[in-house]
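*Asks:* I need the structure of the sequence given here:
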Amino acid sequence: MQVAFFTPGPTRRPFYRDGIGFYLERIRRLWPNVIYQELSAGSGTTAEHTKEKESALLAERLQKGDRVVVLDERGQLFTTEAFARQWQQWLHQSIRRLVFLSGGAYGVTQALRDKAHMVMALSPLTFPHELARLIWAEQFYRALTLWKGLPYHH
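*Replies:* Predicted coordinates for the structure are as follows:
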């Protein structure tokens, strides 16, 4: 199964970029078939227009048969262990490509949320969208280590 993470980019702050890179390197040691792409959408004339442009760009990356997970603060909350169990369930479902979509500063449109198989929250707290990318990368790495039985998670 391929895992893809698409988000409107770029990640501008170096400390977020470095953290994302750090975890992607670790992720790829355990699951090499990972794509992380920051897409260039450009800003719109209003917040709503920006959200629509970014959501359309994210939707263009979807392929038939994708299992789509939209990251959104209003989504389903998981503990780390529950997310690791969800990862294991996805592995057993013969999914060709698992796609995580994360919006920019204004989130994603309802239409894109409606296309998702799951809407997932990283926390009940609100994070800057660049930090949410880093949190996803760390939590995905953590789920992989739990699945592999590695001593990262205590």
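
*Asks:* residue furthest from the geometric center of this protein?
*Replies:* T45 (25.8 Å; C-alpha atoms, centre = their mean).

*Asks:* all helices in the chain, in order from the N-terminus.
*Replies:* 14-30, 47-60, 80-91, 110-115, 129-148 (DSSP state H).

*Asks:* What helices and strands are in contact with the lowest-mean-pLDDT helix or strand in the chain?
*Replies:* The least trusted helix or strand in the chain, going by mean pLDDT, DSSP states H and E, turns out to be helix 47-60, with a mean of 93. Under the contact criterion of 3 or more C-beta pairs under 8 Å, 6 or more residues apart in numbering; DSSP states H and E, helix 47-60 touches strand 2-8, strand 34-39, helix 110-115. Every residue, glycine included, has its C-beta placed from N, CA and C.

*Asks:* which other residues reach that helix?
*Replies:* Helix 47-60 is contacted by residues 6-8, 39, 41-44, 101, 103-109, 111-112, 115 when judged by C-beta atoms under 8 Å, 6 or more residues apart in numbering.

*Asks:* Just the buried residues of that helix, please?
*Replies:* 50-55, 57-59 (16 or more other C-beta atoms under 10 Å).

*Asks:* again, but for stretch 58-75
*Replies:* Quick answer for stretch 58-75 (16+ other C-beta under 10 Å): 58-59, 62, 66-72, 75.

*Asks:* can you list these in CSV and add distance to I135?
*Replies:* Below are these laid out as CSV (distance: C-beta to C-beta, whole Å):
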residue, distance to I135
L58, 18
A59, 23
L62, 23
D66, 22
R67, 21
V68, 19
V69, 14
V70, 15
L71, 9
D72, 13
G75, 13
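
*Asks:* Can you tell me which of these is nearest E138?
*Replies:* Distances from E138 to the buried residues of stretch 58-75, taken as C-beta to C-beta, are shortest for L71 (13.3 Å).
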